[in-house]
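>>> How does the following fold in three dimensions:
(chains A and B)
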Number of protein chains: 2
Amino acid sequence: MTRASFEERASRGPNEASADEARAYVERVRSLVEPKLDELVPPETVEPSSVHAAIRWSLFAPAKRLRPALVFAAGETFGASAESLVRTACAFELIHTYSLVHDDLPAMDDDELRRGRPTCHVRFGEATAILAGDALQSLAFQAVAEDEALDATLRVRLVAELARAAGTPEGMVAGQAHDLAAEARADVGGEELELIHRRKTGALIAASARAGAMVAGASQVELEAVGRYAFDLGLLFQITDDLLDVTASAADLGKTPGKDARARKATYPALYGLEAARGRARSVYEEACAALDRVERPTTMLRAFARLVLERRA
Amino acid sequence: MTRASFEERASRGPNEASADEARAYVERVRSLVEPKLDELVPPETVEPSSVHAAIRWSLFAPAKRLRPALVFAAGETFGASAESLVRTACAFELIHTYSLVHDDLPAMDDDELRRGRPTCHVRFGEATAILAGDALQSLAFQAVAEDEALDATLRVRLVAELARAAGTPEGMVAGQAHDLAAEARADVGGEELELIHRRKTGALIAASARAGAMVAGASQVELEAVGRYAFDLGLLFQITDDLLDVTASAADLGKTPGKDARARKATYPALYGLEAARGRARSVYEEACAALDRVERPTTMLRAFARLVLERRA
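Below is the predicted model:
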């Protein structure tokens, strides 16, 4: 790990890991989660191989693994072991991947490039992509239900948390439906846009952090604090996503940029302009960190994640 | 309830309820399950209303409620209370309904009529239908995870059972993928057709009966016996489905008949002819009943269900 520069140390608080430390943490989580995902998903050699190949195509594309990293960072903040966190972390990545596969479908966002590759339906056909997404969702719940490292009461709470965050009316599906309905309208304001994002991506991201904390046996107050932090982190991620759609290249993003503007979609830059959108990102980052002030433990890694998202370039 | 005719009593064994009793049982299950489904699914007045309307359109169409009836019949065979069974029964119907919504999509079976109504995507559009199916799956797992009538260990076993039966490589999604792949081929034989059916519909039907028995605390031998019975029942259902596709009218079926033949799809009548397919239905019915011989309790209702399926006209 390179030594943090004087400038970098000066720009972060004393209670925050460096960007390099945060990136190393994410790499460690990846090295634990990806082999477990490989175990949890049937191999391509097993029939129906088309569905298993499609699942693997989408699941093992280069990915940030943000949700597993949050499960781990929140869990380890409150003392959970890696062994007790790994299946829960995988479950969130399985749900996230199912949502990407379905959101990219022609009837939904109609995207052809994702994580630097052709999207699942472009590569395997629509029917197989629909089925791959469906199977990913089942596999997520199975991964938690069969997690022998956790007692049954905890597993049940995790299944419920995951299901609420994935579904409707408060979860990811509700957000995606709201987003699709809003696309057709010209009058989407800032408050509505925020509600859409908080459901479409915030709910699952918040649940990732809460789930990690649950595995660690965190208190209700602690669960609420990390949940609020991660809910803000999800919104921050979406604002920076909107900003990158305006400012980044396809090579950086691994997907087609400029789509939002062409679709005349409501985004933070479109609603507020680039500078004000950057200001909103900064204030959401600060709110995320403030939520962690209620946790009486070092939250260095969680704070470093928020800064990574604030400053991400892809 | 009408009194069973002499002929009817003569044609069934002493250990079997009459068709009227079986129909009354299914109606009782319906009267317990449908109000609970209504509770478990957000109302249309809650946003996103399009998704909730689509979910309700598909879930509350006239339906047989075969899987809930099996959860109850297997559960009550081994002494479970209705209160302890109702959410599990709902969960299987939620999963089944999600699979119908997705299977009907243009990229899959491309059906326009289901349960006597336009299919979900015809009525609400493809994007909403995809999301409605996705949300139905999440709601199913949530229904079990939040079932306060059952202890956590049991809930976890039920979630795992449901997920395995719904997913891949042994469950419903695997069967549907295999079915779609086989459609393009002319060389599908009887054994392969049976494997497809056993996964596509048999796995979830078998799991319904197993789940009911699990709630009742049935032994491993008993679980295996009712699972085997229901697996055969699922195959029987599919054979009679194939037969009805040839012999029934759209009004009876509530969906478009003759589709299989037009699609040159492998079916029992296509492979064996009508008479041999009817003979296969009869022998699968007998195997289903034979599986129940290992249960040392009255299995009158389960046997009556098998006969209802054997003799169904719609």
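>>> what does stretch A:111-121 rub up against?
Counting contacts by C-beta atoms under 8 Å, 6 or more residues apart in numbering or on different chains, the residues outside stretch A:111-121 that touch it are A:54, A:57-58, A:61-63, A:100-101, A:103-106, A:122-123, A:128-130, A:132-133, A:250, A:254-256, A:259. From N, CA and C alone the C-beta is placed, and that goes for glycine too.
>>> Contact distance from chain B - what residues of the stretch 151-300 of chain A qualify?
Residues of the stretch 151-300 of chain A that fall close to chain B, judged by C-beta under 8 Å from any C-beta of the partner chain: A:151-153, A:155-157, A:159-160, A:162-164, A:166-169, A:171, A:173-174, A:176-178, A:180-181.
>>> Mark which of those residues are part of helices, please.
Among these, the ones falling in helices (DSSP state H) are A:152-153, A:155-157, A:159-160, A:162-164, A:166, A:173-174, A:176-178, A:180-181.
>>> quick one on the thing from earlier: ok, of the residues of the stretch 151-300 of chain A next to chain B, which come out buried?
Applying a neighbour-count criterion of 16 or more other C-beta atoms under 10 Å in any protein chain shown, the buried members of these are A:152, A:155-157, A:159-160, A:162-164, A:166-169, A:171, A:173-174, A:176-178, A:180-181.
>>> Show me which positions of the host helix or strand of A:A276 end up buried.
Take DSSP states H and E as the rule and A:A276 turns out to sit in helix A:274-292. Buried residues in helix A:274-292, counting neighbours by 16+ other C-beta under 10 Å, are found at A:277-278, A:280-281, A:284-285, A:287-289, A:291-292.
>>> Kindly report the same for stretch A:108-123.
Buried residues in stretch A:108-123, counted by 16+ other C-beta under 10 Å: A:108-109, A:111, A:113-115, A:117, A:119-122.
>>> How far does it stretch from one end to the other?
In stretch A:108-123, first residue to last residue: 17 Å (C-alpha to C-alpha, to the nearest Å).
>>> any idea of the mean pLDDT in that stretch?
Across stretch A:108-123, pLDDT averages out at 92.
>>> show me what contacts the spatially most central residue of chain A?
With distances taken as C-alpha atoms, centre = their mean, A:R67 lies nearest the centre of chain A, 4.5 Å away. Residues in contact with A:R67 (C-beta under 8 Å, 6+ apart) are A:89, A:92-93, A:96, A:204-205, A:208.
>>> hmm, 6 Å instead?
Under the criterion of C-beta atoms under 6 Å, 6 or more residues apart in numbering or on different chains, the neighbours of A:R67 are A:92-93, A:96, A:208.
>>> from the residues you listed, which single one is nearest A:A17?
When the contacts of A:R67 are compared for distance to A:A17 (C-beta to C-beta), A:S208 wins out at 18.4 Å.
>>> The helix or strand that contains that closest one to helix A:152-166, inter-axis angle?
Here A:S208, judged by DSSP H and E, is contained in helix A:203-215. Computed with axes from the mean of the first three to the mean of the last three C-alpha atoms, to 10 degrees, the direction of helix A:203-215 lies at 170 degrees from that of helix A:152-166.
>>> what helices or strands is the helix or strand that helix A:203-215 is followed by leaning on?
Tracing the chain C-terminally past helix A:203-215 and defining elements by DSSP H and E, one meets helix A:220-247 next. Using 3 or more C-beta pairs under 6 Å, 6 or more residues apart in numbering or on different chains; DSSP states H and E as the contact criterion, the neighbours of helix A:220-247 among helices and strands are helix A:203-215, helix A:268-272, helix A:274-292, helix A:300-310.
>>> that older thread, confirm that the residue nearest to the centre of chain A sits in a helix.
Yes: when DSSP: H, G, I helix; E, B strand; the rest coil is applied, A:R67 is found to be in a helix.
>>> Not counting its own residues, what contacts the helix holding A:A276?
For helix A:274-292, contacts defined as C-beta under 6 Å, 6+ apart pick out A:225, A:228-229, A:232-233, A:235-236, A:239-240, A:243, A:268-269, A:299, A:302-303, A:306, A:310.
>>> How about residues contacting the helix holding A:S208?
Taking contacts as C-beta under 6 Å, 6+ apart, the residues outside helix A:203-215 that touch it are A:67, A:70-71, A:74-75, A:78, A:80, A:84-85, A:88, A:92, A:157-158, A:161, A:165, A:171-172, A:222-223, A:226-227, A:230-231, A:234.
>>> same deal with stretch A:84-91?
A:32-33, A:36-37, A:40, A:68, A:71-72, A:75, A:140, A:143-144, A:147, A:149, A:158, A:162, A:211, A:215.
>>> hmm, try it at 7 Å
Stretch A:84-91 is contacted from outside by A:29, A:32-33, A:36-37, A:40, A:68, A:71-72, A:75, A:140, A:143-144, A:147, A:149-150, A:158, A:162, A:211-212, A:215, using C-beta atoms under 7 Å, 6 or more residues apart in numbering or on different chains.
>>> same deal with stretch A:99-109?
The set of residues that contact stretch A:99-109 without belonging to it, under C-beta under 7 Å, 6+ apart, is A:58, A:111, A:114, A:119-121, A:126, A:129, A:132-133, A:136, A:172, A:176, A:180, B:126-127, B:130, B:134.
>>> Return the residues in contact with A:F231.
For A:F231, the contacting residues are A:198, A:202, A:206, by C-beta under 7 Å, 6+ apart.
>>> try 8 Å this time
Applying C-beta under 8 Å, 6+ apart, one finds that A:F231 lies in contact with A:198, A:202-203, A:205-206.
>>> Generate a ChimeraX selection restricted to the buried subset of the residues you listed.
Selecting in ChimeraX just the buried members of these, where the criterion is 16+ other C-beta under 10 Å, is done with this command:
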select /A:198,202,203,205,206
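>>> Give the burial count for the residue lying closest to A:V33 once chain neighbours are set aside, as a bare number.
Spatially, and ignoring its direct neighbours in sequence, A:V33 is nearest to A:P68 (4.5 Å; C-beta to C-beta, 6 or more residues apart in numbering or on different chains). By other C-beta atoms under 10 Å in any protein chain shown, 29 other residues sit near A:P68.
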